[in-house]
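> Task: produce atomic coordinates for the following.
(chains A and B)
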Amino acid sequence: MGVRLLVLVVLSVALMVVDARFTLLKPVRSQMSLVLMQSYWITDLPQRLWQGVASQFGSRTELVAENEKLQTENLLLQGRLQKLAALTEQNVRLRELLNSSALVNEKVEVAELIGMDPNPFTHRIIINKGERDGVVLGQPVLDARGLMGQVVELMPYTSRVLLLTDTTHSIPVQVNRNGLRAIASGTGNPERLELRHVADTADIKEGDLLVSSGLGQRFPAGYPVATVKEVIHDSGQPFAIVRAVPTAALNRSRYLLLVFSDGRTPEERANEAAQAQEADRQGGDGAPVVPATVPKPATAPAKPGAPAAPAAAPATPARPAAHAVKPAAAKPPASKPPAATRATPRTEE
Amino acid sequence: MAGTFSRNGWIVWLTFAIGLLLSVSPLPQFMEILRPLWLALLLAFWALYLPHKIGMVTAFLLGLAEDVLYGTLLGQNALILTLITFLVLSLQQRLRMFPMWQQSLVILVIFGLAQLVQLWLSALTGNRQPTLALVLPALVSALLWPWVSFGLRGLRRRYKIN
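All right, here's what the predicted structure looks like:
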């Protein structure tokens, strides 16, 4: 018995070392996860069933009310989107004038949370998109309100996401108001981030919005991360203590957005946007998403060299039905339209 | 290994499958820290009553499964579960004679030791965890031991697993 123990202990230690140092065991792990990760799905089943039943038996008045609410929300978002198109276009032009690099365009895809990490000391979640869906290691994950975290482990059909508030996670941010850069580290508390090494005299105050700065080359720039909750100036401490609350609902969101940064060149994007608009003009009667009051942004074809993709934001007339349910952040270059948008899965399940 | 059972060995594996499910089932935030070590409990029971069938190799394989589920280093939980099974097996002759509360105490000590090894391993891999809170699952498991033990004994008698 002792020999067997010795063999197994040595074996597991060897496995641990190999797993920590090399990528040799990744295929083994991903094969095992193919079967084992189903258990997250199974344990999630009761909740899905409950949701399904609840949506089946939702009363008519409730549904009507919800529909109304969603329509209002949609209208508001659409309204904001109109402004966004013009602003993005202006931004692109100004950047051209300044000869600075063009904004990178991102596309997003909807994923669903299927499990939480059982270890209470780590903040990780499991989502239902994996390597086969094109997810890559280190990919940023958002919810409707802000950044949530990044993909840290890939499995064939699922992946593990490390949340911003995990103690091992830090993200480069900047204050939206003045561009002050800092690093926000997780504290292990789902409602708190801490800014490390912020000078006592730095211009940062309660209520400031922190957005991702994109400096770490990991997260795209400009997504909201947290709002500053308190700034403590302690003369005994070398730095100010800055605490912030993540804007994303880290422990409540069920539908998440995976951000795919767009690898295409500005020319390709412009061409695609032009094509999309051309198609829009031909089949223009179907579902005019941009109200008539806003002049059709005739921008993209004007300058083929300009990365004018966002200008043509609401323009994929080939799928007019998709318009209504597409999340506001989804841009037209999404090669796969986010089929499982927020509205659809709820009714399906 | 299932082939070595004379009959109804699949029930043992079914309990292990359920144990795996329980070890990832969602719990309210405040209870996560108290989550019992389901697989360790099941392994301890079956190692106690079927020592010729359920041994350290089973524990090792289940540990690997748990590692994949938890996303820890491959081999970490395998090592822990192997150690637990080894301790239970080496105390097996005495443990079976003990009254239930004494068994619970021994389980508490064994699981507590295992959790300390766990703490040490996660400190090595860089995920430091609050020290004392990590022994809570061992305590909860020890409190659950009588119930698990009664239940599984009933199951074993009913299906005559041996």
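
> For the rest of this, base every contact and every neighbour count on C-alpha atoms.
Fine.

> what about A:V228, which helix or strand?
Assigned by DSSP states H and E, A:V228 belongs to strand A:224-232.

> And the next helix or strand past that strand?
Using DSSP H and E, the helix or strand that follows strand A:224-232 towards the C-terminus is strand A:240-246.

> For that following strand, give me every contacting residue.
Residues from elsewhere that reach strand A:240-246 (CA atoms under 8 Å, 6 or more residues apart in numbering or on different chains): A:146, A:191-200, A:225-234.

> helix/strand/coil for the spatially closest residue to B:E32 that is not a sequence neighbour?
With sequence-adjacent residues excluded and distances taken as CA to CA, 6 or more residues apart in numbering or on different chains, B:E32 is closest to A:P120, at 5.6 Å. What DSSP: H, G, I helix; E, B strand; the rest coil gives for A:P120 is coil.

> Surely A:P120 and B:I33 touch.
Yes: assessed by CA atoms under 8 Å, A:P120 is found in contact with B:I33 at 5.7 Å.

> helix/strand/coil for A:T201?
Three-state assignment for A:T201 (three-state DSSP): coil.

> for it, what are its contacts?
No contacts exist for A:T201 under CA under 8 Å, 6+ apart.

> I'd like to know how many residues surround the residue nearest to B:E32.
Neighbourhood size, A:P120 [other CA atoms under 10 Å in any protein chain shown]: 18.

> same question, A:G52
The local packing of A:G52 (other CA under 10 Å) involves 17 other residues.

> same check, this time on A:V259
With other CA under 10 Å as criterion, A:V259 counts 22.

> swap in B:V57?
So B:V57, with other CA under 10 Å, has 17 neighbours.

> Does anything pack onto the helix or strand hosting it? Which helices or strands?
Using DSSP H and E, B:V57 maps to helix B:56-70. Using 3 or more CA pairs under 8 Å, 6 or more residues apart in numbering or on different chains; DSSP states H and E as the contact criterion, the elements in contact with helix B:56-70 are helix A:2-21, helix A:26-36, helix B:76-90.

> tell me which element residue 42 is part of?
Went with chain A since none was named. Short version, using DSSP H and E: A:I42 is in helix A:38-56.

> Sorry, I should have been clearer: chain B.
Per DSSP H and E: B:L42 is located in helix B:38-49.

> Kindly report the residues of chain B close to chain A.
Within reach of chain A by CA under 8 Å from any CA of the partner chain, chain B has these residues: B:20-26, B:29, B:32-33, B:56-57, B:60, B:65, B:68-71, B:73-76, B:78-79, B:82-83, B:86, B:127, B:129.

> Just the helices from chain B, written as ranges.
Taking DSSP state H as the criterion, chain B contains helices spanning B:9-24, B:29-32, B:38-49, B:56-70, B:76-90, B:92-95, B:100-124, B:136-159.

> what's in contact with the third one?
So the one you mean is helix B:38-49. Here helix B:38-49 has contacts from B:12, B:15-16, B:19-20, B:22-23, B:53-55, B:59, B:62, B:81, B:84-85, B:88-89, B:92, B:95-96, B:141, B:145, B:148-149, B:152, using CA under 8 Å, 6+ apart.

> among those residues, which ones are buried?
Among those, those buried by neighbour count (16 or more other CA atoms under 10 Å in any protein chain shown) are B:12, B:15-16, B:19-20, B:22-23, B:53-55, B:59, B:62, B:81, B:84-85, B:88-89, B:92, B:95, B:141, B:145, B:148-149, B:152.

> Pull the number of nearby residues for the residue nearest to B:L87 when sequence neighbours are not counted.
Using CA to CA, 6+ apart and skipping the chain neighbours, the partner closest in space to B:L87 is B:I110 (7.1 Å). Close neighbours of B:I110, defined as other CA under 10 Å, add up to 20.

> thought B:I110 was touching B:I84?
Yes: here B:I110 lies in contact with B:I84, judged by CA under 8 Å, at a distance of 6.5 Å.

> Pretty sure A:V161 sits in a strand.
Yes: the assignment for A:V161 is a strand, going by three-state DSSP.

> Next, count neighbours for it.
For A:V161, the neighbour count with other CA under 10 Å is 26.

> Could you check what's spatially nearest to it, not counting adjacent residues?
A:V161 sits nearest to A:V151 (CA to CA, 6+ apart), 4.3 Å away.

> Help me confirm that that neighbour comes into contact with A:L142.
No: judged on CA under 8 Å, A:V151 makes no contact with A:L142 at a distance of 11.0 Å.

> more crowded one of these two?
Higher neighbour count among A:V151 and A:L142: A:L142, with 26 against 23, using other CA under 10 Å.

> what's that one in contact with, if anything?
A:L142 neighbours (CA under 8 Å, 6+ apart): A:M148, A:G149, A:A248, A:L256, A:L257, A:L258, A:V259.

> now A:R4
B:M56.

> at 10 Å instead, please
Taking CA atoms under 10 Å, 6 or more residues apart in numbering or on different chains, we find A:R4 in contact with A:V10, B:G55, B:M56, B:V57, B:T82, B:F86.

> And the residues you listed, which two are furthest apart?
Distance extremes for the contacts of A:R4: the farthest pair is A:V10 and B:G55 at 16.7 Å, using CA to CA.

> Does A:G216 fall in a helix, a strand, or a coil region?
Going by three-state DSSP: A:G216 is coil.

> Spatially, what comes nearest to it if we skip its sequence neighbours?
Closest residue to A:G216 apart from its sequence neighbours, by CA to CA, 6+ apart: A:P172 at 6.3 Å.

> Sketch out the low-pLDDT regions of chain A for me.
Within chain A, the stretches with pLDDT under 70 are A:101-105, A:262-274, A:276-277, A:280-349.
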